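**Q** Whatever this is, show me its structure:
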Amino acid sequence: MATVMNEDQKRILAEAMIEAFEIIERNMMKVIDEKFDAIIDGKGEADEAEVFSEERIRTIATEEAENVVEGCSISIDV
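**A** Residues are numbered from 1 along each chain as shown. From the prediction side, this is the model:
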């Protein structure tokens, strides 16, 4: 027997999904910020004197976001 969701159930599900995506986004931003902080503090992979191009920053942010969410693909456009 097929179950049909009513409008309240759809609204609750949509709100739950929005909250879940907000949590994922906060966690991704935290990981990315920690990565950049480590680089700035000289604890990361890069020399702290290194100046990052916009492209390098995008690459690092993309790699870290993809590491946080397994199997995802990130595209950053301006």
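**Q** Nearest the middle, which residue of this protein would you pick?
**A** Most central in the chain under CA atoms, centre = their mean is residue 28, positioned 3.3 Å from the mean C-alpha point.
**Q** ok, now which ones touch that residue?
**A** 64-65, 68-69 (CB atoms under 8 Å, 6 or more residues apart in numbering). All C-beta spots, glycine's among them, are computed from the backbone N, C-alpha and C.
**Q** And those, which of them are buried?
**A** Buried members of the contacts of residue 28, counted by 16 or more other CB atoms under 10 Å: 64-65, 68.
**Q** Relative to residue 20, which of those residues is nearest.
**A** residue 68 (13.9 Å; CB to CB).
**Q** Just the pLDDT at that closest one, thanks.
**A** As predicted, residue 68 sits at a pLDDT of 71.
**Q** From the contacts of residue 28, which land in strands?
**A** If you go by DSSP state E, those have nothing in strands.
**Q** any chance of those residues in TSV, with distance to residue 4 too?
**A** TSV is the format used below for these (distance: CB to CB, whole Å):
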residue	distance to residue 4
64	41
65	36
68	35
69	31
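**Q** longest helix in the chain, by residue count?
**A** Identified as the longest helix of the chain according to DSSP state H is helix 7-40.
**Q** and that one, average pLDDT?
**A** 87.
**Q** Buried residues, that helix. List them.
**A** So, applying 16+ other CB under 10 Å, buried residues of helix 7-40: 28, 32, 35-36, 39.
**Q** Distance to residue 52 added to those residues, as TSV?
**A** What follows is these, written out as TSV (distance: CB to CB, whole Å):
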residue	distance to residue 52
28	19
32	13
35	12
36	9
39	8
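**Q** quick one: which of the buried ones among the contacts of residue 28 is nearest residue 13?
**A** Distances from residue 13 to these, taken by CB to CB, are shortest for residue 68, at 23.7 Å.
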